[in-house]
Structures are given as structure tokens and as C-alpha cells.
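S.K.: model the structure of this input:
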Amino acid sequence: MLGLPKTTELNKQLPKSAIYANFQMNTVAKERIDRDISRIYIVNEISAAKVNLKEGAEVKSFFVMSVLLKRKDFDERNIITLSKLIPQNMVMVLEYEGEAKLAVYRNKLMQTAWQPEEEMSIELKGLDLDAVWENIIIQIGGITIEQGRTLDEQISIDEQRAKLQKEIDRLEKLARAEKQPKKKFEIVSYIKKLNEKFVQL
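M.R.: Numbers count the residues shown, from 1 in each chain. Here you go, the predicted structure:
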């Protein structure tokens, strides 16, 4: 799967019942996961023993998990829950009717766009597993790390920028609809402040 070496292949089903039992999930959480997910498999294990790469200081291995979905408009909270419950570095391949997207959780859920399943791939890029894992997060999240920043700092800044942009867009719409000049001026002044903050991030 994903163009990864044959040596990394596994095919272990992860029964949902085992996840529920292991983590003592309540009925509501179980029902939510059942609504979205039909089956889960561990399909690859990337480790120094299986690929020609050194262990990292942090990352000794990571797994690829195939998540077969019951619907395309799934609840993202279920994927976040799975990521948090399984204490491993995990790339998830979310599959639905011949299409798939990659997802990874690092402080937030990052996903690629949907594409035909057979076109999905990930690149093992880096000198050790720390670098490879970081590069996979960058690939899936479409992240550009600015000079002098760590991956986690960049994720946090990108998220702050996205929230600011959403608020700026909302206020610009409000300003266009506002009839009272005084109120319009106040909104525009506030938009200016938010834009300055955006640039400083």
C-alpha cells in the first residue's frame, strides 16, 4: 500500500470491539465510531528493521492504518479519537468506495484531498525515522516550514492564520453590508488591526 516496500507489509485487523474494551469507551462514543467506520487494519509497519533507515531519537517506528469508512462525510472527531487512543505514530488511509485520503494527527488532524485509491502514495524521505516521520506530516498537511521554525511551531502559526483569515473574511462581508458609516468605519478599522496581526505571525 502507498508504494511502500514489501518488507513493511502487515495485514492485521484491529477489531473495533478490542478498541472499545481496551479504552473503556462509553456507548455514545462507540455508536459514533460505528456510524462512520466499518473496519480497521494495520497494513504497514515502518521500522529500522524493515527499511534501510536508522531509528530516530524520538521515532522508532510508525504504522499505516487502513480505515474503511461507511460514509464520505465522516465525523472528523472519530479519526481524532482513534489517533489519540492508539499510542503509536500512525498514518491513516481513509477509504470509501475506491477513493482514499491520508490523515495524520499532530496537535490537530491533517488530511489530503480525496483521490483514487491506487494513486495514493507516501515518500520515505530523510536520513532517519525522525526526519521521515516529520516529512510525512509535512506531505499530508501541505505544510511549508518557514525559516527558523519547528514543525509544531509552524502548525500552530498556520492554525492561527487560518482562524484570523476566517474572521477577516466574516468582517469584510459584514462591512460590505453595513449601512451606518460610523459602524462601517469601526469594522474596517478592526479588520486593519487583524490584517496587521496576520502579517506579524
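
S.K.: ok, the residue nearest to the spatial centre of the chain to Leu164 distance?
M.R.: Centroid check for the chain by C-alpha atoms, centre = their mean gives Met110 as the closest residue, at 2.0 Å. The gap separating Met110 from Leu164 is 19 Å, by C-beta to C-beta, to the nearest Å. Placement of C-beta: from N, CA and C, glycine included.

S.K.: kindly report the same for Ile187.
M.R.: Relative to Leu164, Ile187 is positioned 15 Å away (C-beta to C-beta).

S.K.: what residues of the strand ranked longest in the chain count as buried?
M.R.: Counting by DSSP state E, the longest strand found in the chain is strand 37-47. For strand 37-47, burial by neighbour count (16 or more other C-beta atoms under 10 Å) applies to Ile37, Ile40, Tyr41, Ile42, Val43, Asn44, Glu45, Ile46, Ser47.

S.K.: which neighbours does it have in its sheet, and in what orientation?
M.R.: Partners of strand 37-47 in the sheet, by DSSP bridges, are strand 9-13 (antiparallel), strand 61-69 (antiparallel).

S.K.: so which of those strands gets nearest Ile168?
M.R.: strand 61-69 (33.7 Å; C-beta to C-beta).

S.K.: quick one: distance of the helix or strand encompassing Arg170 to the chain centre.
M.R.: Per DSSP states H and E: Arg170 is located in helix 151-177. Going by C-alpha atoms, centre = their mean, to the nearest Å, the spacing between the C-alpha centre of helix 151-177 and its chain's C-alpha centre is 19 Å.

S.K.: and it, what does it pack onto?
M.R.: helix 129-141, helix 181-200 (3 or more C-beta pairs under 8 Å, 6 or more residues apart in numbering; DSSP states H and E).

S.K.: run a quick neighbour tally on Leu171.
M.R.: Close neighbours of Leu171, defined as other C-beta atoms under 10 Å, add up to 16.

S.K.: now it: how far from Thr81?
M.R.: Distance, Leu171 to Thr81, using C-beta to C-beta: 34 Å.

S.K.: what's the answer for Glu97, then?
M.R.: As judged by C-beta to C-beta, Glu97 and Thr81 stand 23 Å apart.
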